[in-house]
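[1] below is the sequence, then the predicted model.
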Amino acid sequence: MSRGTLLYAAQRLVLISLTAVVVSSIVFIGIHQLPGNALASERRNNPATEQALLHHYNLDLPWPQQYLLWVEGLSRGDLGESLVNMGVQITPLLLREAKVSVTLGLAAVLITIGVGLTLGTIAAIRQNTWVDYVASTSAVIGYSVPSFVWAFLLILLTVSGFYAWTGGLVYEDIGWGKIEQIPVPALALGLPYAAIVARLTRASMLEVIRQDYVRTAWAKGLAARVVILRHALRNALIPVVSILGPLITGIITGSVVIEFLFGIPGLGQEFVTSILSRDYNIVIGVFTFYAVLVGLANLIVDLIYPVLDPRIRY
Amino acid sequence: MAAIPTTVEASQELLVGDLPEQLSLGQDAWRRLKRNRLAIIGLVIIAIFLVTALVSIVWTPYATWRQALGPTYQGPTLAHPLGLDDYGRDILSRVMGGAAIALGVGVGASFLASVTGIVLGLLAGFYKGKVDVVISLVINVFYGVPDLLIALILVVLIGRGTLNIILAISLTAWLGMARLVRGQTLSIREREYVEAARTIGTPNLMILVRHILPNALGPIIVQATYLVPAAIIFEAFLSLLGLGIPPPAPSWGRMASEGYKALQLAPHIVLAPCAALSLTVLAFNWLGDGLRDAIDPRMRR
């Protein structure tokens, strides 16, 4: 980490917090223009109670004032209180759920990169053989099958399949909390993107292995493993890293559906339940969290670049 | 006044006699596309999908909403080749009806997003300056936000009609198209023929429509093709979360989400719409890959 890198990272962190504030402000202002929220949808007999509640959430103020109060809270890291589950502070709740989502997301990214790089590299070094055709075809099929379809297939395979085939010895339920419950949703989430990574790796590997320095490496009599992994793959990785940003945004999007299907208590599921129950405070909070997460993920990707390619400096 | 050819087409006609063979860009691309086996398979699947969608509007074996046609959760039988769902509805009929919805949402959203993206991309790339700053800022801010969340909020706000779903999907789908068109425009506007057009006093609108747009059309067609399956998957996402096109419309995503609770008991309820959806998406991706290779010869492996 040079001084330039640190400075660059610091600038980006400022930019990330700015984006988070802008995005959540748009959502805040948009949502507050609308009639109705979780409080209004419940019938209350006592007008005094309702007034007290409105006051408690600052909802009796005009929206510009509410907005200022909210920004002030945000600057302290306080996202307010849930409208449905009264007394529940949103920031600690979402922090807990973000940990779940990040765990799932990281597992999915690892699968994406692992499977994608392996398939892509094998396809490239065996170009135009049956290995290549099988790998390339499965890559297109892989990303045409959306994550939720993978989820259904994997659930059928692991939950029903393993149970039936082992005569009831292996039974694995879906859900969250045990380590062995992570791989199935992570696979469902990662496989479509692994296919994209595989295609890209194959294309950039094919370009790299024709270059002179790789021929030199072969000519020096280096082991195939060394030529492929250390000389070719390292340079082939650079274009692959460039799609990691959009890929991570995609995985976060997909995780909303996957968390919902698998009953995983992460940010995505929270978002869906909150928006259905009109708990707008949480909706805005999740948006803020996602904006920060996407920003941080992209920052990490950009910091990987100079490690792979010393020509890039910040 | 008549003898001198005034348009490019007319002067080309005069030349054709001297050249052995002339193909327009479109003909050339089509010839290359025809040689791509996967693209043709994709086209065939898309044709079947189109016909199914159109037929389902006037006829399905059973009405898509008709319940209690037999035992609920029944597997495939002769009368119901894909079985019955949890309300005893015919799954084959519903998968057919789902094709019409997928077609409407996919093509509708791709069209709307493409038009928006093309117009804004052209403006940003051509006029540069303040216009570009504003449009690029919008693109960059929203590019980092997961599109599904924006669509979910919009759907909750404006309701779940088919048109609203198309709108919600297009709201973020245009970003990629605008980025692409902006980049293309930035490079095309510096070419000599654009400069020539400007020199003879062609109005800006004319330059945009007659010179820049046609030359950027190749990548635009490819991107628009990829947008169709993306929109179909997106609608399925919304439906799975219970915020897609409302029942009893047989959207593939909704069928999957309704069958999910009985996945182990009756997997055919989930698998039938999922297979239809995956096959359609696959076909569009194959066609898109084929078009990309055919239109841009540099992309050929």
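    Sure, I can see it.
[2] worst-scoring helix or strand of chain A, pLDDT-wise?
    Ranked by mean pLDDT, DSSP states H and E, the weakest helix or strand in chain A is helix A:38-41, scoring a mean of 61.
[3] and the helix or strand that that one is followed by, what other elements does it pack with?
    With elements assigned by DSSP states H and E, the helix or strand that comes after helix A:38-41 is helix A:47-56. Helices and strands touching helix A:47-56, as assessed by 3 or more C-beta pairs under 8 Å, 6 or more residues apart in numbering or on different chains; DSSP states H and E, comprise helix A:38-41. Yep, even glycine has a C-beta here, placed from its N, CA and C like the rest.
[4] and stretch A:169-180, what's buried?
    For stretch A:169-180, a neighbour-count test (16 or more other C-beta atoms under 10 Å in any protein chain shown) marks A:174, A:176 as buried.
[5] repeat for stretch A:124-142
    Neighbour counts using 16+ other C-beta under 10 Å place A:124-125, A:132, A:135-136, A:139-140, A:142 of stretch A:124-142 among the buried residues.
[6] per-residue pLDDT of residue 156, please?
    Looking at chain A here, since you left the chain open. Looking at A:Leu156, its pLDDT reads 88.
[7] switch to chain B, that's the one I care about
    pLDDT, read off for B:Val156, is 84.
[8] do the same with A:Glu42
    Here, the pLDDT recorded for A:Glu42 equals 58.
[9] likewise B:Ala3?
    The per-residue pLDDT reported for B:Ala3 equals 51.
[10] likewise for B:Ala10?
    Reading off the confidence values, B:Ala10 has pLDDT 51.
[11] do the one 5 residues further on as well
    Looking at B:Leu15, its pLDDT is 52.
[12] cool, and B:Met299?
    With respect to pLDDT, B:Met299 has a value of 49.
[13] and B:Phe234, by the same measure?
    93.
[14] can you map out the helices along chain B?
    Here chain B has its helices, by DSSP state H, at B:8-16, B:25-34, B:37-58, B:91-127, B:129-143, B:147-158, B:162-188, B:192-199, B:204-206, B:213-240, B:252-260, B:267-295.
[15] deepest-packed of those helices, please.
    Per residue and on average, the most neighbours among these fall to helix B:252-260, with a mean of 24 (mean count of other C-beta atoms under 10 Å in any protein chain shown).
[16] give me the contact list for that one.
    Contacts to helix B:252-260, defined as C-beta atoms under 8 Å, 6 or more residues apart in numbering or on different chains, come from residues A:148-149, A:152, A:261, B:85-86, B:91, B:94-95, B:98, B:101-102, B:232, B:235-242, B:244-245, B:247, B:266, B:269-270, B:272-274, B:276-277.
[17] for the stretch 201-314 of chain A, which residues are neighbours of chain B?
    Contact residues (C-beta under 8 Å from any C-beta of the partner chain) of the stretch 201-314 of chain A with chain B: A:203, A:206, A:249, A:252-253, A:256-257, A:260-261, A:271-272, A:275-276, A:278, A:283, A:286-287, A:290-291, A:294-295, A:298.
[18] could you redo the last one with a cut-off of 6 Å?
    With the criterion set to C-beta under 6 Å from any C-beta of the partner chain, the stretch 201-314 of chain A comes near chain B through A:249, A:252-253, A:256-257, A:260, A:272, A:275, A:290, A:294.
[19] now, these that are in strands?
    Assigned to strands by DSSP state E, none of those qualify.
[20] from these, which is closest to B:Asp147?
    B:Asp147 lies nearest to A:Thr253 out of these, by C-beta to C-beta, at 6.3 Å.
[21] which residues touch the closest one?
    Neighbouring residues of A:Thr253 by C-beta atoms under 6 Å, 6 or more residues apart in numbering or on different chains: B:146, B:148.
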